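Enquirer: With the sequence up front, the predicted model follows.
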Amino acid sequence: MERVLLFYEKEDYYDYKDSKSLEGYSIISITKFIHNLSLISELYPETLIVDLSALTEYTTIQSVSERIIYQFKPETILICDKAKQEKLEYELRFIIDRFENINRASFTDKERKITVDTEDENLITKRHRKIIDLDESELEIFFEKFRKRLYGHAKFKDDFEEQVRTFRVFNKLKEHKILSLFLMGESGVGKTEVARTIFDCLQGNKKLAKINFGNYSNEFSLSSLIGSARGYIGSEDGEIFMKVRETDVGVLLIDEFEKSNSALFNYFLEVLESGKMTSSLGEEMDINGFIIVFTSNIPKSDFQKRISPELRSRFDYKCIFTLLSDVDKRKYIEFRAKSIGKKVRSELGIEISDKLIPYLISQINVSSYKNMRDINKELKKEFLKFLTAYQNSIDEIDNNTSPQRTGLAKRFLSLFEY
């Protein structure tokens, strides 16, 4: 597929933006990715357009462009201010296959667009599967899966079910917009797993919307999160809007919440109250029915010092996660072993679960590890040893190893992700 760069007239920009917005797209500047390449893998071409105009601010346009643009999927829509056309056509001649001008006649006419009912004015959230949308039988299945998938924290599971059931009732009465959970505890005890488990149990197919506040500790954190001020073409969208648009489940994870500042604390105070996120341009995204999971490594003694009374009162549920029991740790190892075994069977047609599960349980002394993160590191090491032994056993059985059997360890490792 060809890579195409489309040029727009500056005076047409906002009409073009409105047109593509009606089609479900939003526009984001290339600057969002230059210093954070990992965001590119989270970009969905069917929802986002990338504006390359800011590339002309760099002295080494070609090298910067080669490093970034090749990582975008070919079908990603790339646009640029026509005033920068001559320079970018030259600098990107080896990267872009075709250059074209945007035709005004192609803009979607707002007047011909179907009017959206006021209750569903935000088309974005209609794509999200939310806990409030489940019927009673689906909700029972959700809770059953949730309890099995999240290891330990029995009291939290009971409390969470009660919170969800209450939330669903008062959300229908339009009295409760967002279900907010604030989870404290040491690193690796399963706080972020709560959001991932909710996402999985709501059958998410894309990516969990996650914001790490460890990256939002400076004075410009709010503009980075919700977008830059009007006047800088292509940079209006903030990371939180991008993440929520790209996910397909009504769950938002705010990790390391305590590392941010008062401006962001106040912003989320309004979000929890109104059920809407507001951009720097005053545009609103309705996230009614979402679950927002805030996590923090602060101890209980610091909670009142670091979080304002107003915000503390807005959290629906506050909980301290403690270390898992040895029984739960062993269940976690068994779960991970089964997960790996399923991947190997699916991808390579080889059954290893019956050997892998007892091997890992016997080799890993769970009492020596405080949390799942440490256990997972050890699990990876032991898995490598298992692969080596498994490969040697194959070689002993078949001295004339076929090409399909060689390099099994390497092929297994490519499937092993956490």
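Expert: Yep, it's here.
Enquirer: And the strands in the stretch 251-400 of the chain, which stretches?
Expert: Along the stretch 251-400 of the chain, counting by DSSP state E, counting those that start in this stretch, strands occupy 251-255, 276-278, 284-286, 291-296, 317-321.
Enquirer: Return the residues in contact with V366.
Expert: 326, 329-330, 333, 375 (C-beta atoms under 8 Å, 6 or more residues apart in numbering). Quick note: C-beta positions are derived from backbone N, CA and C, even for glycine.
Enquirer: before we move on, the earlier item: mind putting the strands of the stretch 251-400 of the chain into CSV with mean pLDDT?
Expert: Below are the strands of the stretch 251-400 of the chain laid out as CSV (pLDDT from 0 to 100):
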stretch, mean pLDDT
strand 251-255, 95
strand 276-278, 90
strand 284-286, 87
strand 291-296, 96
strand 317-321, 93
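Enquirer: With distance to N101 and mean neighbour count added, can I get those in CSV?
Expert: What follows is the strands of the stretch 251-400 of the chain, written out as CSV (distance: least, C-beta to C-beta, whole Å; neighbours: other C-beta atoms under 10 Å):
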stretch, distance to N101, mean neighbour count
strand 251-255, 38, 23
strand 276-278, 34, 18
strand 284-286, 31, 16
strand 291-296, 42, 24
strand 317-321, 53, 17
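Enquirer: Can you lay out the ones you listed as CSV showing distance to I96?
Expert: Formatted as CSV, those follow (distance: least, C-beta to C-beta, whole Å):
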stretch, distance to I96
strand 251-255, 35
strand 276-278, 34
strand 284-286, 32
strand 291-296, 40
strand 317-321, 49
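Enquirer: Run through this structure and note the low-pLDDT ranges.
Expert: 35, 41-46, 108-126, 217-220, 228-237, 393-418 (pLDDT under 70).
Enquirer: quick one, domains of the chain?
Expert: Per the record, the chain has its domains at 4-109, 122-321, 326-415, by automatic domain parsing.
Enquirer: Now do the first one: distance to the chain's middle.
Expert: This points to domain 4-109. 23 Å (C-alpha atoms, centre = their mean, to the nearest Å).
Enquirer: and what of the longest one?
Expert: Taking the mean C-alpha point of domain 122-321 and that of its whole chain, the gap between them comes to 12 Å (C-alpha atoms, centre = their mean).
Enquirer: and what of the shortest one?
Expert: What separates the centre of domain 326-415 from the centre of its chain is 27 Å, taken as C-alpha atoms, centre = their mean.
Enquirer: going forward, begin numbering at 26 instead of 1
Expert: Noted, 26 is the first residue going forward, which turns the last one into domain 351-440.
Enquirer: Would you map the helices across the stretch 26-175 of the chain?
Expert: 38-47, 56-59, 86-94, 110-116, 161-174 (DSSP state H, counting those that start in this stretch).
Enquirer: Could you say which of the ones you listed is packed most deeply?
Expert: helix 56-59 (a mean of 20; mean count of other C-beta atoms under 10 Å).
Enquirer: Closest to A79 out of the contacts of V391?
Expert: The nearest member of those to A79, counting by C-beta to C-beta, is I400 at 43.6 Å.
Enquirer: Which residue is the nearest non-sequential neighbour of the closest one?
Expert: Y394 (4.7 Å; C-beta to C-beta, 6 or more residues apart in numbering).
Enquirer: What of Y384?
Expert: Closest to Y384 by C-beta to C-beta, 6+ apart is F411, at 5.4 Å.
Enquirer: Could you report the neighbour count for the one you found?
Expert: 20 (other C-beta atoms under 10 Å).
Enquirer: OK, contacts around it?
Expert: 380-381, 384-385.
Enquirer: Buried subset of these, written for ChimeraX?
Expert: Buried residues within the contacts of F411, by 16 or more other C-beta atoms under 10 Å, are selected in ChimeraX with:
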select :381,384,385
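Enquirer: picking that back up, pick the most deeply packed of the domains of the chain.
Expert: domain 147-346 (a mean of 17).
Enquirer: Run through the residues that contact F360.
Expert: Taking C-beta under 8 Å, 6+ apart as the test, what F360 contacts is Y176.
Enquirer: if I look at it, how far off is F411?
Expert: Applying C-beta to C-beta, to the nearest Å, one obtains 17 Å for the distance of F360 from F411.
Enquirer: Just the strands from the stretch 126-275 of the chain, written as ranges.
Expert: 204-210, 234-237.
Enquirer: In JSON lines, list the ones you listed along with distance to K42.
Expert: Listed next are these as JSON lines, based on distance: least, C-beta to C-beta, whole Å:
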{"stretch": "strand 204-210", "distance to K42": "32"}
{"stretch": "strand 234-237", "distance to K42": "22"}
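Enquirer: Can you redo the contacts of F411 as CSV, where the extra columns are distance to F192?
Expert: Output for the contacts of F411, formatted as CSV (distance: C-beta to C-beta, whole Å):
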residue, distance to F192
K380, 44
L381, 40
Y384, 43
L385, 38
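Enquirer: Now, the contacts of F411 that are in helices?
Expert: Residues of these located in helices (DSSP state H): 380-381, 384-385.
Enquirer: thinking again about what came up before, if we compare the strands of the stretch 276-425 of the chain, which one ends up closest to I104?
Expert: strand 309-311 (22.1 Å).
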